[in-house]
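1. how would this look folded up:
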Amino acid sequence: LRQRQSLCETLFQQQIRQFAKQRRRPHRKEAPQIEKPSLKNTVKKLNVLVHPDKFGQHPEMQSTNEQSLSILQGFLSSIKTLEGQYPPAGNHTLRFYLRKDGEFQQVVA
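-> Purely as a prediction, here's the structure:
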């Protein structure tokens, strides 16, 4: 008798789940999915903007961009190798020089 009750309860629960799945309807229209830029593409774009080779005639700016890119790449590679774990906490100030409209601009991140 208990096995029959258990079987009936299980079947009843399955039917309720199926009914609930069929009844689910969005109450509002879903917002269109906006594609988020990937980290890889964002880093590539940054690298194009601040690559040290673009600042060959300005050794101080070139050195600053090299150091900041090196810190950023080290951080990103440590995230990649830890596989789901966070790297040790730390504060880093990244300074980059950009050339915009023929003028140099320093950006701090």
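2. Which helix runs longest in the chain?
-> helix 59-82 (DSSP state H).
3. Touching, residue 87 and residue 81? I think so.
-> No: Residue 87 lies out of contact with residue 81 (Cβ atoms under 8 Å); the separation is 9.0 Å. No exception for glycine: its C-beta is placed from N, CA and C like everyone else's.
4. out of these two, which sits in the more crowded spot?
-> residue 87 (13 against 9; other Cβ atoms under 10 Å).
5. Excluding covalently adjacent residues, which one is nearest to that one?
-> residue 78 (4.4 Å; Cβ to Cβ, 6 or more residues apart in numbering).
6. Quick check, pLDDT for that neighbour.
-> The score at residue 78 is 80. That number is its pLDDT.
7. Next: residue 24.
-> On the pLDDT scale, residue 24 gets 56.
8. what residues are up against the nearest residue to residue 93 once chain neighbours are set aside?
-> The shortest distance from residue 93 to any non-neighbouring residue, by Cβ to Cβ, 6+ apart, is to residue 108 (6.3 Å). By Cβ atoms under 8 Å, 6 or more residues apart in numbering, the contact list for residue 108 reads 93, 94, 95.
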